[in-house]
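I need the structure of the sequence given here:
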Amino acid sequence: MAEVVVVGAGAMGCLFAARLALGGQDVTVVDVGAERLDLIAREGICLHDDDGTHVASVGAALAGDVTGPVDLVILMTKGMHSAAAIRSVAHLDDGRCLVLTLQNGLGNVEAIAQVFAQDRILWGVTDFPADLEGPNQVASHGQGHIWLGGANGAAHAHADGVAALLNTGALNAAADPQVQSAVWEKVAFNAALNALSTITGLPVGGLDCAEGRRIAVQVIDETIATAAARGIAMDRTRLLAKTDFALANHRTHKPSMLQDRLAGRPTEIESINGAIERFAMEGGIAVPTTRLLADLVRMGEPH
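Predicted coordinates:
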């Protein structure tokens, strides 16, 4: 049994905590809402998936109340909270604990590296669906995957072991030596669709028009150029195919960035389009469409 701390009790955090606990791991969920944490500690997390309804018993605590040793910290907050969230569990860094981020966007590894040694940091992407249905209830229907790897070569030596741990919770994880490309491809996909959906207020299907496709392709191409300047290869054909699939099959889906805008919450724009813009500036790459979308979303951010 491994000791796992999941930082962030949103939909993905609750899904991963529940799956791992049901798989036999000792899981503690960390968040900032004491009342909600008390509910999770008392009643567990109720998971609705294609196999039915399951109640997972997990620990729940404020960050400062968690004690080690811990085998794995999984960071599951929104990108704008990464730095504060990882600092809140800095006391768990005993030189042995690993940290995994599957968050959207760029910059999360850099935030973690301010606290934990890079040799202990893993990152990756996941396409598991998850929706909160209540303070301690999460739904996940359909299959997902996790691709993960190390932030450097020393960290990557732990990738197979972490994937095996995740797979005790039926999380379909695999080590990926090209994880950097996978992360950038997901960022490109999100930058192309999420900001545009947030600006227009349209679900994904509303972007399925000549104008929407033209803007999405421009963002993808700008992101590919930015990644290439950093020595990171991306598969344009696969990205365009994934975008086509989303436009055709996820027509009613509202990206999380749009959901945040509708709820009056800050968005992850700085971790996605804003991060591409910053890396592009470092590499001398022009990204006018990506920057324009970022600026338009910024104009609507709560102040």
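
doesn't residue 105 fall inside a helix?
No: Residue 105 sits outside any helix when classified using DSSP: H, G, I helix; E, B strand; the rest coil, being coil.

how about the contacts made by the nearest residue to it once chain neighbours are set aside?
Nearest residue to residue 105, sequence neighbours excluded (C-beta to C-beta, 6 or more residues apart in numbering): residue 271, at 2.9 Å. C-beta coordinates here come from the backbone N, C-alpha and C atoms, glycine included. For residue 271, the contacting residues are 78, 79, 80, 103, 104, 105, 106, 107, 108, by C-beta atoms under 8 Å, 6 or more residues apart in numbering.

pLDDT score for the first one?
Reported pLDDT at residue 78 in the predicted model: 91.

over to the fifth one?
The score at residue 104 is 92. That number is its pLDDT.

count the residues that sit near residue 64.
As a burial measure, residue 64 scores 10 neighbours (other C-beta atoms under 10 Å).

can you tell me which residues contact it?
By C-beta under 8 Å, 6+ apart, the neighbours of residue 64 are 88, 91.

wait, a helix at it?
Yes: using three-state DSSP, the assignment for residue 64 is a helix.

my read: residue 20 touches residue 170, true?
No: the criterion here is C-beta atoms under 8 Å, and residue 20 misses it with residue 170 at 9.5 Å.

and the residue nearest to residue 105, backbone torsions?
Phi and psi for residue 271, reported as degrees, to the nearest 10, are phi -90, psi -10.

and which of the contacts of residue 271 is nearest residue 257?
Nearest to residue 257 among those: residue 104, at 8.9 Å, using C-beta to C-beta.

ok, the closest one touching residue 268?
Yes: contact criterion C-beta under 8 Å: residue 104 and residue 268 qualify, at 5.9 Å.

and the contacts of stretch 70-83?
2-8, 10, 12-13, 16, 85-86, 89, 92, 96-105, 107-108, 111-112, 114, 162, 165, 266, 268, 270-272.

which strand or helix spans residue 166?
helix 159-167 (DSSP states H and E).

swap in residue 259?
Residue 259 belongs to helix 256-262, assigned by DSSP H and E.

can you name the element that comes right after that helix?
Counting by DSSP H and E, the next helix or strand C-terminal to helix 256-262 is helix 273-283.

next one: that following helix to chain centre, how far?
How far helix 273-283 lies from its chain's middle: 19 Å, per C-alpha atoms, centre = their mean, to the nearest Å.
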